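Visitor: Return atomic coordinates for the entry below.
(chains A and B)
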Amino acid sequence: MPWTTVQVEKLDNFFILGDFTGGRVLTYRDALHEALDQSLARDPRVFIMGEGVDDVAGVFGTTKGLKEKYGANRVFDTPIAENSLTGIAAGAAMAGLRPILIHARMDFLLLSLDQLVNHASKWCYMFGGKVTVPMVVRTISARGWGSGAQHSQCIQGMLMNVPGLKIVAPATPYDAKGLMVSAIIDNGPVMFVEHRWLHKTTGYVPEDLYSIPIGKGVIRRKGEDITIVAVSYMIVEALKAAEKLQEAGISAEVIDPRTLKPLDEKILVESVAKTGRLLIADTGCKTGSVASEIAAVAAEKAFHLLKKPVKRVCCPDTPTPTSDVLEKAYYPTAEDIFTEAVNLVKE
Amino acid sequence: MENGKLMDKNKLTEKSELMQKSKLIDKSKLLEMYKTMQLIRLIEQRINDEYKYDEIKTPIHLSIGQEAVAAGVCIHLRKDDYIFGTHRSHSQYIAKGGDIKKMIAELYLRKTGCAYGRGGSMHLVDPEVGILGSSAIVGGNIPLGTGTALASRLLNNDRVTVVFFGDGAADEGTFHESLNFAALKKLPVVYVCENNFYAINSHQLSRQVGDNIYKWAQSYGMPGFQIDGNDVLEVSDYAAKAISRCRNGEGPTLIECLTYRWKGHIGTVDDVGEGYRPKEEYDYWISRCPIKRFSQYLKDMGVLTDELVKKIDEEIYGLIEEAFHFAQNSPKPSPDELLDFVYAD
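Guide: Residues are numbered from 1 along each chain as shown, chains lettered A, B, ... in the order given. Now for the predicted structure:
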């Protein structure tokens, strides 16, 4: 069993109540699998490529059995050559296909930046829309179990600086399926950011294919005293913190941006108008993070609405340590969000 | 002199001038190749002449001296085949049948340019004829062309992709990663290396051990050839075979074409003499002018006459005049277009 699976199996089940209720409850992993399965069935242009996507583990179960079902032309393993694979996917997209390229670790995405940044993301602009690159880059961050500095990075903040690249980071099973469908049907490159610790979360997921608009956030929990914007897995920590804050008499509104770029600024500003306080939790390092960008939006568009300075709860600006002791100190938790939120409201 | 080795080796390919030529090409296409080469040469000379007026506000990379490669390869491509060029890709764009008016307008960064003035000389595009965009990152286009070839295979059509790149690109990981992938998947792609020996001012032998880029092909399990890139018939012969292999599902080929750019790396400067390229090397390659050699061959065969040369030149000058007139009189983009096309519709 891969070590991240050992770690994830140890996690508590976490149920996230999304926009949609009723029907089946699925895990995030199974919701993704269903989105891929149904998309492969729906559109012959869709195919999946990446390192180990057709092996027995099937990218943590998200692609398991798809090669057997759709054949080796639609779901196939690749050499370990992230940069060229990204360009190959981009080229196939230019020729009319809809590739889904998978990096089982977000760290590996760093090897592909030339093709992702210089080519796939710029092509539409550089050529006046004459050639488009409809591709999905799935990338999964891990955490814990000694993943260490090169198997646990969350670099979505770094990539927000890339013009032409849309970035989604769904936190719920419902959003995982809906945003995967949106990413596939989008006519440009979309980076699909997953967090390994979300794969086990559960929630209601419709059986039919549906899409969720890219660029639209959602309020996960309504509140009055403080706005907590949480990215990807930090939604789980933020919802736990909000529960505890409620017990302490603080009403927290939890916002899930779902799409990091283009960012839903409206939902952010409207919430801050109500609460006057903003805490942002991101899975990545603090400097130049998604939290930094959201804080900048707040400074530009909601400064007059803020009663207190903005607070960022992120990983420190260090590589991820491997020691379990240091690792524990490294990652922010619901407890950190709770403490900082109390400080913002009570001070 | 380090370069001597390359030059001596290249001389070996002169035997091709003696061998039976053009077996693989329809005689009617011989004139077409000549016209293409002459069109590339005269357009680039005109660009060279106009550049000093500072109205072409984009870096240009001229391929004067290298015309035979694009002409000899593209003569065998269909309109729906794909090519990917580089920062130095006027020649490929022209040879593949890209719209010349739109190319010159793009150099002038006009709204009527092939990329609406957003790309410039280094980013030419014409999807109507399979030109899906050239990349100015060395080696950056190699995966893209491998990807369109993958699409041809997955879609089960017989469209071929040709990727053009320089000797510098063979330094890059994308070259090696892509060749491996293409061979593994037996993709219909031809990798055409235009080896002009220099990456800006850096000679091949200061960047690579040996001067046999074509030999990488063997490691990756595909045929590889080093040929005289200034002999359009030799280029044409090898390209015809490689393209035919692609159409028959036999997989990729690497063709290393030894050639030489007459101008400096960028702009209209000459980079010959002290501190730059050796004068004797430059003179040697000038003496091997691909157009001069081919036109002499055609004249010997009776296909070309002085009269026909004059007539062809007149036609070409007419096209060039029309293209420059169109470009210089076209509107520039307006500032309110700045944010267009960041995302696809």
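
Visitor: And for residue A:306, nearest residue in space, chain neighbours not counted?
Guide: residue A:276 (6.0 Å; Cβ to Cβ, 6 or more residues apart in numbering or on different chains). C-betas here are computed from N, CA, C, even on glycine.

Visitor: how about residue 42, what does it touch?
Guide: By default, I'm working from chain A. Residues in contact with residue A:42 (Cβ atoms under 8 Å, 6 or more residues apart in numbering or on different chains) are residue A:209.

Visitor: Wait, chain B was what I had in mind.
Guide: B:313, B:316-317, B:320.

Visitor: As CSV, could you dump the C-alpha coordinates of stretch A:179-193?
Guide: Provided in CSV are the C-alpha atoms of stretch A:179-193 (Å, rounded to 0.1, in the frame of the first residue of the first chain):
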residue,chain,number,x,y,z
LEU,A,179,-15.4,21.1,-11.9
MET,A,180,-13.7,18.2,-13.7
VAL,A,181,-16.5,18.3,-16.3
SER,A,182,-16.1,22.0,-16.6
ALA,A,183,-12.3,21.7,-17.0
ILE,A,184,-12.8,19.2,-19.7
ILE,A,185,-15.3,21.2,-21.7
ASP,A,186,-13.4,24.4,-21.3
ASN,A,187,-11.6,25.4,-24.5
GLY,A,188,-8.4,26.4,-22.8
PRO,A,189,-5.9,24.8,-20.4
VAL,A,190,-7.3,24.3,-16.9
MET,A,191,-5.2,23.1,-13.9
PHE,A,192,-7.2,20.9,-11.6
VAL,A,193,-5.7,21.0,-8.1
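
Visitor: Which positions within it qualify as buried?
Guide: Within stretch A:179-193, the residues that count as buried by 16 or more other Cβ atoms under 10 Å in any protein chain shown are A:179-186, A:188-193.

Visitor: Tell me how many other residues crowd the closest residue to chain B within chain A.
Guide: Using Cβ to the nearest Cβ, the closest approach of chain A to chain B is made by residue A:91 at 2.0 Å. Residue A:91 is flanked by 35 other residues according to other Cβ atoms under 10 Å in any protein chain shown.

Visitor: Tell me the secondary structure at it.
Guide: The three-state assignment at residue A:91 reads helix, by DSSP: H, G, I helix; E, B strand; the rest coil.

Visitor: Report the contact partners of it.
Guide: B:84, B:132, B:143-151.

Visitor: Show me which of the contacts of residue B:42 is closest to residue A:345.
Guide: The nearest member of the contacts of residue B:42 to residue A:345, counting by Cβ to Cβ, is residue B:320 at 72.4 Å.

Visitor: Let me see the mean pLDDT of the host helix or strand of residue A:99.
Guide: Using DSSP states H and E, the element containing residue A:99 is strand A:98-103. For strand A:98-103, mean pLDDT is 97.

Visitor: With just CA atoms, put that strand into PDB.
Guide: C-alpha atoms of strand A:98-103 as PDB (Å, rounded to 0.1, in the frame of the first residue of the first chain):
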ATOM      1  CA  ARG A  98      -9.200  16.900 -25.100                       C
ATOM      2  CA  PRO A  99      -6.300  15.400 -23.100                       C
ATOM      3  CA  ILE A 100      -6.300  15.000 -19.400                       C
ATOM      4  CA  LEU A 101      -2.700  14.900 -18.200                       C
ATOM      5  CA  ILE A 102      -2.200  13.600 -14.600                       C
ATOM      6  CA  HIS A 103       0.700  14.400 -12.300                       C
END
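
Visitor: picking that back up, among the buried residues of stretch A:179-193, which one lies nearest to residue B:203?
Guide: Of the buried residues of stretch A:179-193, the one sitting nearest to residue B:203 (Cβ to Cβ) turns out to be residue A:189, at 37.1 Å.

Visitor: Now find how far off-centre the helix or strand hosting residue B:31 is within its chain.
Guide: Residue B:31 is part of helix B:28-50 when elements are defined by DSSP H and E. Distance, stretch centre to chain centre, for helix B:28-50: 12 Å (Cα atoms, centre = their mean, to the nearest Å).

Visitor: Mind pulling up the pLDDT for the nearest residue to residue A:299 once chain neighbours are set aside?
Guide: Of all residues not flanking residue A:299 in the chain, residue A:310 sits nearest, at 7.3 Å (Cβ to Cβ, 6+ apart). Looking at residue A:310, its pLDDT is 98.

Visitor: How about the contacts made by residue A:310?
Guide: Contacts of residue A:310 by Cβ under 8 Å, 6+ apart are A:278-280, A:295, A:298-299.

Visitor: As JSON lines, the contacts of residue B:42 with secondary structure and pLDDT would be great.
Guide: What follows is these, written out as JSON lines (DSSP: H, G, I helix; E, B strand; the rest coil; pLDDT from 0 to 100):
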{"residue": "B:313", "secondary structure": "helix", "pLDDT": "98"}
{"residue": "B:316", "secondary structure": "helix", "pLDDT": "98"}
{"residue": "B:317", "secondary structure": "helix", "pLDDT": "98"}
{"residue": "B:320", "secondary structure": "helix", "pLDDT": "98"}
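
Visitor: shaky segments in chain B?
Guide: Within chain B, the ranges that satisfy pLDDT under 70 run B:1-24.

Visitor: Check it for the residue nearest chain A and tell me.
Guide: Nearest residue of chain B to chain A: residue B:147, at 2.0 Å (Cβ to the nearest Cβ).

Visitor: list the contacts for that residue?
Guide: A:87-95.

Visitor: Contacts for the strand holding residue A:99 next, please.
Guide: A:36, A:43, A:45-51, A:53, A:59, A:63, A:82, A:85-86, A:89, A:92-93, A:109, A:112, A:134-140, A:184.

Visitor: so after that strand, what's the next helix or strand?
Guide: Per DSSP H and E, the helix or strand that comes after strand A:98-103 is helix A:106-109.

Visitor: And that next one, what does it pack against?
Guide: Counting contacts by 3 or more Cβ pairs under 8 Å, 6 or more residues apart in numbering or on different chains; DSSP states H and E, helix A:106-109 is packed against strand A:136-141.
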